[in-house]
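**Student:** Let me see the structure of the following:
(chains A, B, C and D)
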There are 2 protein chains.
Amino acid sequence: MQKTADMIDVPPARRLLDTASRLFYAEGIHAVGIDRIIAEAGVAKATFYKHFPSKDDLVVAHIEEQDWQGRAYVAALPARQPREMIAAILGRIGDAATDAGYRGCVFLNAAAEYPDPDSAVRRAVDARRAWYRDSLHKLCAASGDRSPAITAGLLVALSDGLLEGAYLDDPARVPSLIEEAIARLLPDA
Amino acid sequence: MQKTADMIDVPPARRLLDTASRLFYAEGIHAVGIDRIIAEAGVAKATFYKHFPSKDDLVVAHIEEQDWQGRAYVAALPARQPREMIAAILGRIGDAATDAGYRGCVFLNAAAEYPDPDSAVRRAVDARRAWYRDSLHKLCAASGDRSPAITAGLLVALSDGLLEGAYLDDPARVPSLIEEAIARLLPDA
DNA sequence: GTTGAAATAGACAGACCTGTCTGCTAGCGT
DNA sequence: ACGCTAGCAGACAGGTCTGTCTATTTCAAC
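**Tutor:** Residues are numbered from 1 along each chain as shown, chains lettered A, B, ... in the order given. As a prediction, the model looks like this:
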């Protein structure tokens, strides 16, 4: 692929990561080869292997960037009551679900392709999940929930399930399910 | 691989499907090649392509068999109150989660590797999900739930999420989460 | 200008992929 | 005894995969 106008002055590592994220997400990680990524990014193979020692390093960078974006979203939320914070975090699922090109959770999809729990990819996914669970746990505890670990566990499961449902079933149903889930799962509505 | 004693008189198609199911589930579908499957099943390549016109046909057969086993489990449940039936169906998730070698939901993992919603694999996954949702919907309606579609949607999401959580987080937590989910999601406990 | 770093194109190796094909063997019904 | 079917073994074609390598070009700093 020729470099297009919007690629000008964008460094190769950035172009590679953007292209890889798009292709990995849309088509699956194993299904997308290095040749394809460098062609669409307009980067030479040697340049790729200079910035990323192996394909797995690129995959990990992709996962970590997605993780970072999610954390940034939560960090940027205005301070509100814990319950509203939880609603805002889960509400992002509804937003993602109704996006065009939505193809499920980046982390769940990646984990499905990496069976080895000790692999770098799975470690990156684990880190994300630990952060997400912990964030919800803290909010549940702050809201006065007497069993914040269990409630957080249910919210994590709900999040995962709704992300999958938005991919495989009807995305339009997701926002109302989120609303209803919060009403039923969080105590003393 | 040599045929082992337990393979004697097991027809090739059966050995192929058993071997493929085991490998696909444990290592991922794209990650396992035909050569490996026929070697471990002790079947010649020509015999494989006689029984399954392509690898995708084998994948679909694998998905459909897993689907069939789940349906058989539900069909064999003794008739009880709807609420108990729901508990039994979700309870199977807890059983699976604590199995050695558990690696997540067969259908979710497969869907992650097949982006094209019109592919035969995705259609097989869709059929499974439609059956599962419908089964829960009927039970919710029979239990007197005033919004059975929403409750069923939440139960499907919970199921998916707990299956993923059992794979990626702590399987030991799953059974108690199932119990708690039923208590909070089903009305008039 | 010159030097050096960074990026380019693209060949190459070695492995693996799906799917086809040829030839051989073993067993079974008639 | 004969033919037929099913299965076995393995070569082969054509493609793709990751990762390495050579050789060239661009460009900025000095």
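**Student:** buried residues in the helix or strand where residue A:132 lies?
**Tutor:** In the assignment (DSSP states H and E), residue A:132 maps to helix A:120-142. Under the neighbour-count criterion of 16 or more other CB atoms under 10 Å in any protein chain shown, helix A:120-142 has A:120-122, A:124-125, A:128-129, A:132-133, A:135-137, A:139-141 buried. Where C-beta positions appear, they are placed from N, C-alpha and C, glycine not excepted.
**Student:** just these now: which is nearest residue B:34?
**Tutor:** residue A:121 (25.1 Å; CB to CB).
**Student:** What residues does that closest one make contact with?
**Tutor:** Listed by CB atoms under 8 Å, 6 or more residues apart in numbering or on different chains, the contact set of residue A:121 reads A:56, A:59, A:60, A:63, A:110, A:111, A:114.
**Student:** and chain A, what are its domains?
**Tutor:** Residue ranges for the domains of chain A, per automatic domain parsing: A:1-53, A:55-185.
**Student:** Ramachandran angles for the closest residue to DNA strand D within chain A?
**Tutor:** Residue nearest to DNA strand D within chain A (CB to the nearest atom of the strand): residue A:33, separated by 2.9 Å. Phi and psi for residue A:33, reported as degrees, to the nearest 10, are phi -90, psi 160.
**Student:** do residue A:187 as well
**Tutor:** phi -70, psi 170.
**Student:** so how far is residue A:172 from it?
**Tutor:** Distance of residue A:187 to residue A:172, computed by CB to CB, to the nearest Å: 29 Å.
**Student:** Helices of chain A, start to end?
**Tutor:** A:12-27, A:34-41, A:45-51, A:55-75, A:82-97, A:106-113, A:120-142, A:148-168, A:174-185 (DSSP state H).
**Student:** I'd like those laid out as TSV, including distance to residue B:94.
**Tutor:** Listed next are the helices of chain A as TSV, based on distance: least, CB to CB, whole Å:
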stretch	distance to residue B:94
helix A:12-27	31
helix A:34-41	41
helix A:45-51	45
helix A:55-75	28
helix A:82-97	24
helix A:106-113	20
helix A:120-142	19
helix A:148-168	12
helix A:174-185	18
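**Student:** Pipe the ones you listed into TSV and attach mean pLDDT per row.
**Tutor:** Shown next, in TSV, are the helices of chain A (pLDDT from 0 to 100):
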stretch	mean pLDDT
helix A:12-27	94
helix A:34-41	95
helix A:45-51	94
helix A:55-75	97
helix A:82-97	95
helix A:106-113	98
helix A:120-142	98
helix A:148-168	98
helix A:174-185	96
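**Student:** can I get those in CSV with distance to DNA strand C?
**Tutor:** CSV is the format used below for those (distance: least, CB to the nearest atom of the strand, whole Å):
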stretch, distance to DNA strand C
helix A:12-27, 5
helix A:34-41, 7
helix A:45-51, 3
helix A:55-75, 12
helix A:82-97, 32
helix A:106-113, 14
helix A:120-142, 19
helix A:148-168, 24
helix A:174-185, 34
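**Student:** Residue B:106: which of those is closest?
**Tutor:** helix A:106-113 (10.3 Å).
**Student:** Helix B:12-27 and that closest one, what's the angle between them?
**Tutor:** Angle of helix A:106-113 versus helix B:12-27, following axes from the mean of the first three to the mean of the last three CA atoms, to 10 degrees, is 130 degrees.
**Student:** Tell me what angle helix A:106-113 forms with helix A:55-75.
**Tutor:** 150 degrees.
**Student:** Which elements pack onto helix A:106-113?
**Tutor:** Using 3 or more CB pairs under 8 Å, 6 or more residues apart in numbering or on different chains; DSSP states H and E, the elements in contact with helix A:106-113 are helix A:12-27, helix A:55-75, helix A:120-142, helix A:148-168, helix B:106-113, helix B:148-168.
**Student:** With distance to residue A:96 as extra columns, can I get these in CSV?
**Tutor:** Output for the helices and strands packed on helix A:106-113, formatted as CSV (distance: least, CB to CB, whole Å):
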stretch, distance to residue A:96
helix A:12-27, 11
helix A:55-75, 10
helix A:120-142, 14
helix A:148-168, 7
helix B:106-113, 16
helix B:148-168, 14
